[in-house]
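Asks: turn this into a model:
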Amino acid sequence: MANEFYALLGRMRYITRWGLMRNTFSENIQEHSHQVAVLAHALALIRREVLHLPGPDPDRCATAALYHDASEILTGDMPTPIKYANSDIRRSYKQVERYAGNRLLDKLPPALRDSYAPLVLEDDPEVTPIVKAADKLSAYIKCVEEQKAGNQEFESAARQTRQALEEMNSPELNWFLAECLPAFSLNLDQLT
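Replies: The predicted structure is shown next:
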């Protein structure tokens, strides 16, 4: 075995997101995974340090977020309108993602597989909700940034994604939306 897992992870930069949309700037799943890791870490810290609520370890959340789209190395990025069109497609796609995740895990030395499995397969019930919130938040930030650049193509996606964020009813996410999100509409001079 050549232990191809890490080389395959390097290919995340070739898989673009938002394939059905006209983008002002492209985004690949490697960039996206980094942003989701930063956001998942922040959400878990906000939960623990600002809101004083129990929750998962922020470092574990960040690590899981780095791998949350790893299966897309083999499947590509399925556009949201198709991926969530109905429960049968969603269920089938989850099976495809799990199959691809297991294929990736097979590319690791056996001694490492158990450590990576909950990350690649998103099997940690305490961490997964934080990562999913961060993933959705990353999508919303993309919409905000596209709209800031004058791209009205993302208007509907922004509305739908914001609604989905609010429906998550997550205290740490609500705090982030109120306290941190407005800064994403600022330019560099305003931020500094």
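Asks: now the spatially closest residue to residue 83 that is not a sequence neighbour: which helix or strand?
Replies: In space, and not counting its chain neighbours, residue 83 is closest to residue 93: 5.6 Å by C-beta to C-beta, 6 or more residues apart in numbering. Heads up, the C-betas are built off the backbone N, CA and C, glycines and all. Per DSSP states H and E, residue 93 falls inside helix 87-105.
Asks: helix or strand with the lowest mean pLDDT in the chain?
Replies: The weakest-scoring helix or strand in the chain, judged by mean pLDDT, DSSP states H and E, is helix 80-83 (a mean of 74).
Asks: what lies in contact with that one?
Replies: 20, 89-90, 93 (C-beta atoms under 8 Å, 6 or more residues apart in numbering).
Asks: which one of these is nearest residue 167?
Replies: residue 90 (16.4 Å; C-beta to C-beta).
Asks: doesn't residue 131 belong to a helix?
Replies: Yes - assessed with DSSP: H, G, I helix; E, B strand; the rest coil, residue 131 lies in a helix.
Asks: can you report how many residues neighbour it?
Replies: When counting by other C-beta atoms under 10 Å, one arrives at 28 neighbours for residue 131.
Asks: ok, now how distant is it from residue 9?
Replies: For residue 131, the distance to residue 9 equals 17 Å [C-beta to C-beta, to the nearest Å].
Asks: residues contacting the spatially most central residue of the chain?
Replies: Nearest to the mean C-alpha position of the chain, by C-alpha atoms, centre = their mean, lies residue 135 at 2.9 Å. By C-beta under 8 Å, 6+ apart, residue 135 lies in contact with 36, 65, 68.
Asks: what's the pLDDT at the spatially closest residue to the last one that is not a sequence neighbour?
Replies: Think residue 68. Once flanking residues are discounted, residue 68 sits nearest to residue 131: 5.3 Å by C-beta to C-beta, 6+ apart. We have a pLDDT of 97 for residue 131.
Asks: all set, thanks.
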